[in-house]
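In: predicted coordinates and the sequence they were generated for:
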Amino acid sequence: DSGVTQTPKHLITATGQRVTLRCSPRSGDLSVYWYQQSLDQGLQFLIQYYNGEERAKGNILERFSAQQFPDLHSELNLSSLELGDSALYFCASSPVGDTEAFFGQGTRLTVV
Amino acid sequence: AQTVTQSQPEMSVQEAETVTLSCTYDTSESDYYLFWYKQPPSRQMILVIRQEAYKQQNATENRFSVNFQKAAKSFSLKISDSQLGDAAMYFCAYRSKGAQKLVFGQGTRLTINP
């Protein structure tokens, strides 16, 4: 167990809908990252938050947004969902400094 | 931009034997980190081993070791005495020093034959 908790584990929704994925980082970790794993794109970095502030942005669609709350948990909001958004979404966290990131078990999103 | 390439989509090995997974990367930076992550069927991304580019000594973690060739931009993973529990997808990843995002390769699916 990495200490990073993601909910829900599975999510099935229809095209055009909006969903929210939740991540609780390891205790004390200030950084949260979101990654998308799909068959065609592989593992891609979406966005990073550090202590509530956006720190880095990757290949995140405009339909997607994220935030990190004062208690350091983070949410990834996906709207106007398309079939191609079906993927495994990972959250990871890390403490301050140059250390590795610890991953949650992911949320499997299926858009039908 | 940095890229990571894993040229072996699939590999298989007999239990108790040794297998090497390949990874090459492209970067213009001199200081960075390299990682191998394991993703078993449970989907959890598990850190196997990490290497800091400024360290010449190859990292080792029990049965897992790397062959880091900085000039060749190569970072292979050797698994000794393969066990059934080693069966998983293995991802090579790069991270710039000072940045936190990981750049992943496409992965290698490792099968262990009993």
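Out: Received the coordinates, thanks.
In: phi, psi for A:Arg26 please.
Out: phi -60, psi 150 (degrees, to the nearest 10).
In: show me the contacts for the spatially most central residue of chain A.
Out: Centroid-nearest residue in chain A: A:Trp34, 3.4 Å away (criterion: CA atoms, centre = their mean). When contacts are counted by CB atoms under 8 Å, 6 or more residues apart in numbering or on different chains, A:Trp34 is found next to A:23, A:45-48, A:60, A:66, A:74, A:76, A:89-92. Just so you know, the C-beta spots here come from the backbone N, C-alpha and C atoms, and that holds for glycine as well.
In: neighbour-wise, which one of the residues you listed leads?
Out: When neighbours are taken as other CB atoms under 10 Å in any protein chain shown, the top entry among these is A:Cys91 (30 neighbours).
In: next, the contact list for that residue, please.
Out: A:Cys91 neighbours (CB under 8 Å, 6+ apart): A:4, A:6, A:21, A:23, A:25, A:32-35, A:74, A:76, A:103-104, A:106.
In: any quick PyMOL command for the buried ones out of these?
Out: Buried subset of those, written as a PyMOL selection, criterion 16 or more other CB atoms under 10 Å in any protein chain shown:
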select buried, chain A and resi 4+6+21+23+25+32+33+34+35+74+76+103+104+106
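In: which one of the contacts of A:Cys91 is nearest chain B?
Out: A:Phe103 (3.7 Å; CB to the nearest CB).
In: up against chain B, what does chain A have?
Out: Residues of chain A lying close to chain B by CB under 8 Å from any CB of the partner chain are A:2, A:31, A:33, A:35, A:42-45, A:48, A:55-56, A:58, A:88, A:90, A:92, A:94, A:98, A:100-103, A:105-106, A:108.
In: please repeat the previous calculation with a cut-off of 7 Å.
Out: Counting by CB under 7 Å from any CB of the partner chain, chain A comes close to chain B at A:31, A:33, A:42-43, A:45, A:48, A:56, A:58, A:88, A:90, A:94, A:98, A:100-101, A:103, A:105-106.
In: tell me which parts of chain B are close to chain A?
Out: So chain B meets chain A at B:35, B:43-45, B:47, B:50, B:91, B:97, B:99-102, B:104, B:106 (CB under 7 Å from any CB).
In: next step: those restricted to strands.
Out: B:35, B:47, B:50, B:91, B:104 (DSSP state E).
In: report the beta-bridge partner residues of the residue nearest to the centre of chain A.
Out: For A:Trp34, the beta-bridge partners are A:Ile47, A:Cys91 (DSSP bridges).
In: burial measure for B:Gln39, as a count.
Out: When counting by other CB under 10 Å, one arrives at 21 neighbours for B:Gln39.
In: low-confidence ranges in chain A?
Out: Low-confidence segments of chain A (pLDDT under 70): A:97-98.
In: show me where chain A has its strands.
Out: For chain A, the strands defined by DSSP E occupy A:5-7, A:10-13, A:19-24, A:31-38, A:42-50, A:53-57, A:64-68, A:74-78, A:87-94, A:102-103, A:107-111.
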